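In: Here is a sequence together with a model predicted from it:
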Amino acid sequence: MAETPGLMTVLLLHLLMVDAKDFNLTCIVQDDCILPCSFRPTGTVVIHWYKQQIPVHSYYYNKDQFGLQNKHFSGRTCLFNSHIPHGNASLLLRRVKVQDKGRYKCYTSTRKGNQEVFINLEVKAPIQSVMMEMTDDLLTCSSQNIHPVPHVTWATDPPPDHGFTENSTLKITDHKGLYTVESSLRILGNLSHNTYFCSFTSADKTQEWTSSWRNQEDVTQEEGHALSVPCVAPHTVQNFSLTWTFSSSTDPAVILRFDSRTRLVSNQWEGRAELDQNLLLLGNGSLLIHKPDREEHSGTYTCTFSGLQSRHVVQTRVNITEASVGECRTFYKMFLFLSNHRIAVV
């Protein structure tokens, strides 16, 4: 008995039924990323990947087909061919770009019907570092190669009673879609010895990088007398590295480095300067200089704590003065001078 047209229509619709699914996926710029897709394997299969209407990758006649592939994806896509017979139509997207962001469709067709799976792909370039510099009364905080653009905030310790600064933030995107963000803070009034904090928070709030800067008051010490140049982290730090540098009229030179994970010290001023490692593990990285010399050790000392998503800089100007002569010694020299002068006159 012939089947009715109505029954034939229902059977046809069942065979062509679209099993629509949506997935959200985030990939990292320059990393390789897998866009998942599976189907019910029954013999040969046709696979098409699209971004909106743009052809990304095709597979039929049991092999990859690149004739219609958009050049943006050329050389950056592949399927797991040995797993296709088991129902795996996932796409490997290599060297992810910001421009890869969008809605992807995985279309598969077998003799049992067709299926569509949709992937909403987000792309991000995480914050890798935040650098801070100070020139006169201007602090600059910057980070590069980020996507999407992060949020920047400033703070100071101690908090000011009134408006203390003027700030502005510049956001520039390059041809790859990556942002360089530079935020500047102008210090108003006599607040140059405060600690200033700059924080970069990622758009999805999964990252927060903080950099801080403190210009300490000048330190003056007579040569030959032991000197401690203070440096204390503003908060608890773990798994950090500490670097001390010195500069006078030349480029900064490294004094020493310390790694809290290995507790190893690389000291270029061995015998002249050292750290107290017991205090250091508590966040106190003060530098002890044993016998400072006026010509060799007068200059700017910079202490940098670098930890997980944090960087803290303390800068101190040190003036080493000539050792003063005791009063008795001065009187004795004057006595000898006058005595010799009197003898000469006689």
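Out: That came in fine, so what should we check first?

In: Model confidence for the residue nearest in space to the middle of the chain, exactly?
Out: Computing the C-alpha centroid of the chain and ranking residues by CA atoms, centre = their mean puts Ser129 first, at 1.8 Å. Per-residue pLDDT puts Ser129 at 93.

In: my read: it touches Arg311, true?
Out: Yes: here Ser129 reaches Arg311: they are 7.5 Å apart, a contact under CB atoms under 8 Å. C-beta: built from backbone N, CA, C; applies to glycine.

In: got the contact list for the nearest residue to the residue nearest to the centre of the chain once chain neighbours are set aside?
Out: In space, and not counting its chain neighbours, Ser129 is closest to Ser143: 6.4 Å by CB to CB, 6 or more residues apart in numbering. By CB atoms under 8 Å, 6 or more residues apart in numbering, the residues touching Ser143 are 127-131, 150, 180-181, 200, 209.

In: Repeat that for Ser142.
Out: Here Ser142 is in contact with 130-132, 180-183 (CB under 8 Å, 6+ apart).

In: so which of those residues is the most crowded?
Out: Using other CB atoms under 10 Å as the neighbour test, the contacts of Ser142 are led by Val130, with 24 neighbours.

In: Provide a list of residue ranges in the stretch 101-250 of the chain with pLDDT below threshold.
Out: For the stretch 101-250 of the chain, the stretches with pLDDT under 70 are 161-165, 190-192.

In: my guess is Ser266 contacts Trp244, does it?
Out: No: counting by CB under 8 Å, Trp244 is not a contact partner of Ser266; they are 10.7 Å apart.

In: Overlap of the contact sets of those two?
Out: Residues touching both Ser266 and Trp244 by CB under 8 Å, 6+ apart: 256-257.

In: higher neighbour count, these two?
Out: Trp244 (25 against 12).

In: ok now do that one, which residues does it touch?
Out: So Trp244 contacts 231, 254-257, 273, 285, 287, 301-304 (CB under 8 Å, 6+ apart).

In: distance between the helix or strand where it lies and the chain's centre?
Out: For Trp244, the host element (DSSP states H and E) is strand 241-247. Its chain's C-alpha centre and that of strand 241-247 lie 19 Å apart, by CA atoms, centre = their mean, to the nearest Å.

In: quick one: strands adjacent to that strand?
Out: strand 253-259 (antiparallel), strand 299-307 (antiparallel) (DSSP bridges).

In: in the last one, what counts as buried?
Out: When burial is assessed from 16 or more other CB atoms under 10 Å, strand 299-307 yields the following buried residues: 299, 301-307.

In: Over to the shortest one?
Out: When burial is assessed from 16+ other CB under 10 Å, strand 253-259 yields the following buried residues: 255-258.

In: how far is the next helix or strand after it from where the chain is centred?
Out: With elements assigned by DSSP H and E, the helix or strand that comes after strand 253-259 is strand 264-267. On the basis of CA atoms, centre = their mean, strand 264-267 sits 25 Å off its chain's mean C-alpha point.

In: Repeat that for stretch 252-260.
Out: 20 Å.

In: hmm, who's touching it?
Out: 237-247, 264-269, 273, 275, 277, 280-281, 285, 287, 301-302.

In: Also stretch 28-36?
Out: Counting by CB under 8 Å, 6+ apart, 23, 25, 27, 49, 90-98, 104, 106, 117, 119, 121, 123-126, 145, 147, 176, 178 sit against stretch 28-36.

In: ok, now stretch 88-100?
Out: Looking at what lies outside stretch 88-100 - CB under 8 Å, 6+ apart - the contacts are 27-39, 45, 47, 49, 51, 56-57, 59, 72-73, 75-80, 83, 104, 106, 108, 121, 123, 125, 147, 176-178.

In: Got a quick PyMOL command for the buried subset of these?
Out: Selection of buried members from the contacts of stretch 88-100 for PyMOL, criterion 16+ other CB under 10 Å:
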select buried, resi 27+29+33+35+37+38+39+45+47+49+51+56+57+59+73+76+77+79+104+106+108+121+123+125+147+177+178
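
In: For the stretch 1-150 of the chain, just list every one of the helices.
Out: 5-15 (DSSP state H, counting those that start in this stretch).

In: Start from the N-terminal end of it and give the strands.
Out: 21-28, 33-35, 46-51, 54-60, 63-65, 77-79, 91-93, 102-110, 113-124, 131-135, 138-146 (DSSP state E, counting those that start in this stretch).

In: follow-up on the earlier one: looking at the buried residues of strand 299-307, which one is closest to Thr156?
Out: Phe305 (18.0 Å; CB to CB).

In: Spit out the contact partners of the closest one.
Out: Phe305 sits next to 231, 233, 237, 240-242, 283, 285, 311-313 when contact means CB under 8 Å, 6+ apart.

In: Good, wrapping up.
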